[in-house]
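Asks: 3D model of this:
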Amino acid sequence: MSKQFADLGISKPILNALSDLNIVTPTEIQQKTIPLLLANTTDFVGLAKTGTGKTAAFGLPILQLIDANSTAVQAVILAPTRELGQQIFKNLESFAAFLPEVSIAVTCGGIPIKPQIERLALPTHIVVATPGRLIDLIQRKAINLKETKFLVLDEADEMVTILKEGLDEIVAELPEEHKTFLFSATMPGAIKQLIQNYLNKNVAQVSANMETVGNQGIDHQYIVVDPIEKLDVLMHFLNSKEGERGIIFCKTKAAVNKLAKNLAINRFSSGALHGSLSQGIRDRIMEQFREGHINILVATDLAARGIDVKEISYVVNYHLPDAYEAYVHRSGRTARAGAKGLSLTVLQPEEVGEITDFEKELGIKFTEFKKPSSLSIEENNTLLWAKQIFKTKPNHEVDAELKTKIKTVFHHLTKDELIEKLLANYLLQNKNEPTEKPVKDKK
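Replies: Here you go, the predicted structure:
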C-alpha cells in the first residue's frame, strides 16, 4: 500500500486542506522530500520535473515549520518567472486554507513595487519572489531576512545566471544557520557549482523519476515535414483542433512573433507569449487564454513556465527543443489533473533520428502522426481563405459611388453564383502559389 501524507508527518490542518483539494496520494518526490525537510537537519537538493508535485514537496513542510507567533519572514521561495511565482503562491495559499495564522506574500518583477513594499510592512511569514525583485527589495531595505530559516530555489536551472550574479547579495541578508532547499529539473555544471558554493557539504539529495505525474495521459507523436510545407501542415492540424486550447512552442522570441503573425493573418484565435513583452501584456494574454477568449498560445519555453490551465488538450513543438528536460516541461502543460493530451513534435527529415534519443532518455514512446495529403492541405487553405473573407471587417471609407458601381457588376448574381465565382478566382490565382505569403520561418 502506498504511503499517505499522514504517514509522512504532515499535520492535521494541512491534511484537511489536501483532502479538500482532492490530493490523496503523495508523488515520488513528495514521499522522498517531505520527511527530510520536516526533520530540518540539513540543506536539500531535489531533482524533479514539471508536474511531479514539487511545490507541495517543499511547501507543505515549510508551512508546518512556520512559527506563527513570530511576525518575521521565515521562508523565501525564489522562482524564475512571475507566472511560476504566482502559481506557487496560489498553491501555498490553498495548502494553508486551515492555517489562517500563516501569512504568505508574493513579490515578483514586472509590476509596480510600491504595493509589494506596503504588503511586506505587514506581518509576513513566507515570501515568494523572483530573484531580481527580491534583490531590489533588499537594496531598498523593504524586506528583513535576518530571521529567515529557509531559502528555496525552485526551477534553479532556469535562473542560473541571475543566481550566479545575485545570490551572494541575498544570502548576505540571511542568518548563518538558515537551510537552503534547491529544486532543479537538470543538474548542469552551473547548478553543481551553486550547490558546492552555497549548500552544506552534507547536503541531502533525492531525485524522482523522469516520468511526470499524468504523463501516462500524454500521447507523444511526431510529424515529418519539409520546411516549405511546415506552416501549412501546422494550420491543417490547428483547424482540426478548432475550439480546443493548445500551446505551440518555438525556440526563440523572433520565431514566436513570426508564427503568431501568420496565425493572426489566417484568423486563428491566438496570442504570443515571450520574455520581451511587458508584464501587463503577458498578464492580459494569459487571462484571455485562461478565460477561453483565445484558444492558442505561441510561446517560448521560459514564458510558458507557471502556466497551469487544466483544459489544454494539445501541445505542439514547432521546433524540436534542444534539451530533453525542455520537452518534459513542454509536454507537461497538457494532460493535467488526470486529463488526456497530445504532444505533437514537428520535425524536418534530418531531425527524425533524434526521436530515438528522446525516447531512451525520457522513457516514453513516440508514434508517427499521419501527414495530411497535398489535396487535404489545399482544401484546408481554401477554407482558411474563406474564413479570412468572413472575418474581414467592412471598409467604410470606400467611396459610396465606387461601391455602387461594384454592386452593379455583381447585381444579377445570386449568392451561390457569387461564391462559385469567388472560389474559382481564388483557385485560379493560387494554382501555383501559397494561400497567403507566410512570414518566412527559418527553421
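
Asks: Can you mark which positions in the helix or strand residue 256 falls within are buried?
Replies: Element membership for residue 256 (DSSP states H and E) is helix 253-265. Buried residues in helix 253-265, counted by 16 or more other Cβ atoms under 10 Å: 253, 255, 256, 257, 258, 259, 260, 262, 263. No exception for glycine: its C-beta is placed from N, CA and C like everyone else's.

Asks: for stretch 283-293, same thing?
Replies: So stretch 283-293, judged by 16+ other Cβ under 10 Å, has buried residues 283, 285, 286, 289.

Asks: pLDDT on stretch 107-116, on average?
Replies: Across stretch 107-116, pLDDT averages out at 91.

Asks: continuing past the helix or strand of the chain with the lowest mean pLDDT, what's the next helix or strand?
Replies: Lowest on mean pLDDT, DSSP states H and E among the helices and strands of the chain sits helix 324-331, with a mean of 81. The helix or strand immediately downstream of helix 324-331 is strand 341-347, counting by DSSP H and E.

Asks: The residue in the chain sticking out farthest from the centre and residue 400, how far apart?
Replies: Note on the chain: the largest C-alpha distance from the chain mean falls to residue 412, namely 54.3 Å (Cα atoms, centre = their mean). Distance, residue 412 to residue 400, using Cβ to Cβ, to the nearest Å: 21 Å.

Asks: ditto for residue 238
Replies: For residue 238, the distance to residue 400 - Cβ to Cβ - is 39 Å.

Asks: any weak-confidence spans in the stretch 201-350 of the chain?
Replies: By pLDDT under 70, the low-scoring segments of the stretch 201-350 of the chain are 209-216, 305-306, 308, 336-339.

Asks: which stretches of it form helices?
Replies: Using DSSP state H, counting those that start in this stretch, the helices of the stretch 201-350 of the chain run over residues 230-240, 253-265, 279-291, 324-331.

Asks: Of all the ones you listed, which one comes closest to residue 178?
Replies: Closest to residue 178 of those, according to Cβ to Cβ: helix 324-331, at 28.1 Å.

Asks: And the closest one, what does it pack against?
Replies: If you count contacts as 3 or more Cβ pairs under 8 Å, 6 or more residues apart in numbering; DSSP states H and E, helix 324-331 packs onto strand 312-317, strand 341-347, helix 354-362.

Asks: partners of the first one in the sheet?
Replies: So the one you mean is strand 312-317. strand 245-249 (parallel), strand 341-347 (parallel) (DSSP bridges).

Asks: sorry, back to before: need the helices of the stretch 201-350 of the chain in a markdown table (columns: distance to residue 220).
Replies: Formatted as a markdown table, the helices of the stretch 201-350 of the chain follow (distance: least, Cβ to Cβ, whole Å):
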| stretch | distance to residue 220 |
| --- | --- |
| helix 230-240 | 15 |
| helix 253-265 | 22 |
| helix 279-291 | 23 |
| helix 324-331 | 7 |
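
Asks: out of these, nearest to residue 17?
Replies: Nearest of those (Cβ to Cβ): helix 279-291, 23.0 Å.

Asks: C-alpha coordinates for that closest one, CSV please?
Replies: C-alpha atoms of helix 279-291 as CSV (Å, rounded to 0.1, in the frame of the first residue of the first chain):
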residue,chain,number,x,y,z
GLN,A,279,4.3,42.1,-17.8
GLY,A,280,1.0,43.8,-18.4
ILE,A,281,0.7,42.4,-21.9
ARG,A,282,1.7,38.9,-20.8
ASP,A,283,-0.9,39.0,-18.0
ARG,A,284,-3.6,40.2,-20.4
ILE,A,285,-2.8,37.4,-22.9
MET,A,286,-2.7,34.8,-20.1
GLU,A,287,-6.0,36.0,-18.8
GLN,A,288,-7.6,35.8,-22.3
PHE,A,289,-6.2,32.2,-22.6
ARG,A,290,-7.5,31.1,-19.2
GLU,A,291,-10.9,32.7,-19.8
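
Asks: Off-centre distance for it?
Replies: Counting by Cα atoms, centre = their mean, to the nearest Å, helix 279-291 is centred 13 Å from the centre of its parent chain.

Asks: next one: stretch 100-116
Replies: Here stretch 100-116 is found 21 Å from its chain centre; the criterion is Cα atoms, centre = their mean.

Asks: Give the buried residues for it.
Replies: In stretch 100-116, counting by 16+ other Cβ under 10 Å, buried: 102, 103, 104, 105, 106, 107, 108, 109, 110, 116.

Asks: and these as TSV, adding distance to residue 317 and secondary structure?
Replies: Output for those, formatted as TSV (distance: Cβ to Cβ, whole Å; DSSP: H, G, I helix; E, B strand; the rest coil):
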residue	distance to residue 317	secondary structure
102	40	coil
103	41	coil
104	35	strand
105	36	strand
106	30	strand
107	33	strand
108	28	coil
109	28	coil
110	27	coil
116	36	helix
